[in-house]
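In: turn this into a structure:
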Amino acid sequence: MSKTSTATQQEAPAFLKRYEEQIVPALKQQFKLTNRLAVPRLTKIVVNVGCGEAAHDAKILEEAVRHVATITGQRPAVTRAKKAVSNFKIKEGDPVGCKVTLRRRRMYEFLERLISVALPRIRDFQGIPKTGFDGGGNFSFGISEQTIFPELQPDDVHYTLGMDIAIVTTASSVEEARALLIGFGMPFQK
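Out: Have a look, this model is predicted:
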């Protein structure tokens, strides 16, 4: 009996299947693309949590790292201050947050949990603003608190921290990137 890796035994994420079976043909038809490789796709998702208070209290940073690791399934890197800011009593090199870059399988799994489970849990949710596109096909938005993710127990959250999420695509225009994210079910504002 040969040993096989666990990655080959696992089934592909549902959003990856949706992309290949539904979104690619729809985008090829919508933008009149002849080559499948010209269809926009996701490259990576970057989750960033900034907590400047971590420079003064290490417990805040520890909790932020633990929560981001629980939410994304990947241990984040600690970000440090590039410049000293005397008004906030932050020295150069102080820890001020954490970030994680998700690719491939974890990226699709995170996007599925974000769209299907976390965003609908936001109180009085009206949709995500369409203003987060950068003109090059990438989309960024912020979440005000991490407790919308069901992986976190509300009793374990002592510090409410927001997070910035950047979705990087290969789209060459805002229209292509918006169509790609709508295909995944991103709930944009009307």
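
In: list the buried ones in the longest helix that the chain contains?
Out: Longest helix of the chain, by residue count under DSSP state H: helix 58-72. The neighbour-count check on helix 58-72 (16 or more other CB atoms under 10 Å) flags Ile60, Leu61, Glu63, Ala64, Val65, His67, Val68, Ile71, Thr72 as buried. For the C-beta atoms, the positions are set from N, CA and C on the backbone; glycine is no exception.

In: which of the residues you listed sit farthest apart?
Out: Based on CB to CB, the longest span within these runs between Ile60 and Thr72 and measures 18.4 Å.

In: so after the longest helix of the chain, what's the next helix or strand?
Out: strand 77-80 (DSSP states H and E).

In: just checking, next helix/strand downstream of the lowest-mean-pLDDT helix or strand in the chain?
Out: Across the helices and strands of the chain, the lowest-confidence element by mean pLDDT, DSSP states H and E is helix 6-9, at a mean of 53. Per DSSP H and E, the first helix or strand lying C-terminal to helix 6-9 is helix 14-18.

In: which other helices and strands contact that following helix?
Out: helix 104-113, helix 174-184 (3 or more CB pairs under 8 Å, 6 or more residues apart in numbering; DSSP states H and E).

In: with just CA atoms, put the shortest one into PDB.
Out: Right, helix 104-113. Taking Å, rounded to 0.1, in the frame of the first residue of the first chain, the C-alpha atoms of helix 104-113 are listed here in PDB:
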ATOM      1  CA  ARG A 104      -5.000  28.200  -3.400                       C
ATOM      2  CA  ARG A 105      -7.200  26.000  -1.200                       C
ATOM      3  CA  ARG A 106      -7.300  28.100   1.900                       C
ATOM      4  CA  MET A 107      -8.100  31.200  -0.100                       C
ATOM      5  CA  TYR A 108     -11.200  29.600  -1.600                       C
ATOM      6  CA  GLU A 109     -12.300  28.100   1.800                       C
ATOM      7  CA  PHE A 110     -11.900  31.500   3.500                       C
ATOM      8  CA  LEU A 111     -13.900  33.300   0.800                       C
ATOM      9  CA  GLU A 112     -16.700  30.700   1.000                       C
ATOM     10  CA  ARG A 113     -16.900  31.100   4.800                       C
END
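
In: and it, what's buried?
Out: For helix 104-113, burial by neighbour count (16+ other CB under 10 Å) applies to Arg106, Met107, Tyr108, Glu109, Phe110, Leu111, Glu112, Arg113.
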